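In: here is a sequence with its predicted model. Questions after.
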Amino acid sequence: MPGVSLVGSGSACLTVKLSNDDLSQRVDTSDEWIAARTGIRQRHIAAPDESLTVLATEAARNALEMAEVSAEAVDLILLATSTPDDLFGSACRVQVALGATRAVAFDLTAACSGFVFALVTAAQYIRTGVFKTVVVIGADVLSRWTDWDDRTTCVLFGDGAGAVVLRAAERDRLLGFELCSDGSLNHCLNLAYQPEAESLVGDVAVQKGTFAPITMNGREVYKFAVNRVPEVIEKALFRANLTTSDIDWLVLHQANQRILDSVAERLGLPAERVVSNMARHGNTSAASIPIALDEAVRAGNVKAGDVIATAGFGAGLTWGSAIILWG
Ligand code: COA
């Protein structure tokens, strides 16, 4: 059975920054409150001309460049996003923008777990021998769906895109994984369609409407994350035949610094093994893990042979962990 190797990472560079002080001009909040409760100091926001497709393409292009893989060599593009430019999907537009003429491309939606779910999905295509080269992208523009007058949610989110390139290899570097869903907790975090009946002809009415901004029960999501995430990482480690002491880097979905600290503490990992870019990016949903990974790789912190424990968690509710060997 072919194995999976991760051979490159990339992210998009967004120029517009929104600081906590900027936000406090819009809602009743403060830099002190946001920083103390979440660790966030600023987030990046997509400019009106920076579509999801543009950001995802830039991240993928940078990952391909690091991997020294041409766009024509890509067999599959998996775009994890909850905020496509088009409800029919945005992956095909990324495909054409990249020039990945041979690739099949589709979107995958699993909110903030999207990158881990897409990584594991991509790996199955490689392990079965169907595809040899896959680009996995996590990208979201949640600023489109944020209620900028709701201080309990708008301070948390930012926009971004990150990507990795996977290739078939002799040695499998996806060491273990575990994915979970619990729809009974769906109400805790939503970006739900709000149908409005519109009469068409006679008794026939159609659903018109739009998606409502993000709603969240912050305390419930917090509790869910600090309980489920250490558990799912331990299950993935078990499948990898490893223990927490084998982890070189913990790359969690960047939702809240307090969640990162609590998960690390429960796993018995020191703070220096925890990758965090919370202060600069906030929660970028499906983009947060590949951005954090890419920054750590480019900073020279993550090196070939390092064991990385990733974990995503969020709406669905969904959560999952993938243990990978970098390089
Ligand atoms: N600025 C100032 N005050 C705020 C505020 C803000 N942005 N948001 C909420 N508050 C107030 C509340 O109104 C409340 O006031 P009250 O005591 O007078 O009622 C107080 O701060 C405490 O609110 P609470 O919701 O208990 O705060 P918290 O410590 O639970 O922190 C979150 C709130 C959202 C930061 C935290 O619950 C969290 O991070 N949850 C997880 C969310 C998450 O990660 N979601 C994405 C998952 S993918």
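Out: Great, that's in hand.
In: distance of the closest residue to residue 131 other than its chain neighbours relative to residue 165?
Out: For residue 131, ignoring the flanking residues on the chain, the nearest one in space by Cβ to Cβ, 6 or more residues apart in numbering is residue 75 at 3.8 Å. C-beta coordinates here come from the backbone N, C-alpha and C atoms, glycine included. To residue 165, residue 75 is 11 Å away according to Cβ to Cβ, to the nearest Å.
In: so which of these two has more stuff around it?
Out: Legend: neighbour count by other Cβ atoms under 10 Å for residue 75 and residue 165, higher for residue 165 (25 against 19).
In: strands paired with the helix or strand harbouring residue 176, and their directions?
Out: In the assignment (DSSP states H and E), residue 176 maps to strand 174-181. Its sheet considered, strand 174-181 pairs with strand 318-325 (antiparallel) by DSSP bridges.
In: let me know the secondary structure of residue 105.
Out: The three-state label given to residue 105 by DSSP: H, G, I helix; E, B strand; the rest coil is strand.
In: what bridges to it?
Out: With DSSP bridges as the criterion, residue 105 is bridged to residue 77.
In: can you pull the contacts of it?
Out: Applying Cβ atoms under 8 Å, 6 or more residues apart in numbering, we find residue 105 in contact with 76, 77, 78, 79, 91, 92, 94, 95.
In: before we move on, the earlier item: the strand holding residue 176: which residues count as buried?
Out: By neighbour count on 16 or more other Cβ atoms under 10 Å, the buried set for strand 174-181 is 174, 175, 176, 177, 178, 179, 180.
In: these two touch, right, the residue nearest to residue 131 and residue 122?
Out: No - the pair residue 75 / residue 122 is not scored as a contact, 10.0 Å apart, by Cβ atoms under 8 Å.
In: shared neighbours, the two?
Out: Common neighbours of residue 75 and residue 122, counting by Cβ under 8 Å, 6+ apart, are 131, 134.
In: adding distance to residue 55, neighbour count and pLDDT, write the contacts of residue 105 out as TSV.
Out: Converted to TSV, these look like this (distance: Cβ to Cβ, whole Å; neighbours: other Cβ atoms under 10 Å; pLDDT from 0 to 100):
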residue	distance to residue 55	neighbour count	pLDDT
76	20	24	98
77	14	26	98
78	16	26	98
79	11	32	98
91	13	24	98
92	16	18	98
94	10	32	98
95	15	25	98
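In: and those residues, which is closest to the ligand?
Out: Nearest to the ligand out of the contacts of residue 105 is residue 79 (Cβ to the nearest ligand atom; 18.6 Å).
In: before we move on, back to that, show the contacting residues for the residue nearest to residue 131.
Out: Contacts for residue 75 (Cβ under 8 Å, 6+ apart) come out as 102, 103, 104, 125, 130, 131, 132, 133, 134.
In: what about it, distance to residue 136?
Out: In terms of Cβ to Cβ, residue 75 sits 12 Å off from residue 136.
In: just residue 191 next, same as before
Out: Between residue 191 and residue 136 the computed distance is 22 Å (Cβ to Cβ).
In: give me the more crowded residue out of the two.
Out: Comparing residue 191 with residue 136 by neighbour count (other Cβ under 10 Å), the higher total belongs to residue 136, at 29 against 19.
In: what pairs with the more buried one across the strands?
Out: With DSSP bridges as the rule, residue 136 is bridged to residue 78, residue 164.
In: and it, how close does it get to the ligand?
Out: Using Cβ to the nearest ligand atom, to the nearest Å, residue 136 is found at 19 Å from the ligand.
In: likewise residue 89?
Out: From residue 89 over to the ligand the distance is 22 Å, taken as Cβ to the nearest ligand atom.
In: that residue in helix, strand or coil?
Out: coil.
In: state the number of residues packed around it.
Out: 17.
In: my guess is it contacts residue 106, does it?
Out: Yes - using Cβ under 8 Å, residue 89 is in contact with residue 106, at 6.1 Å.
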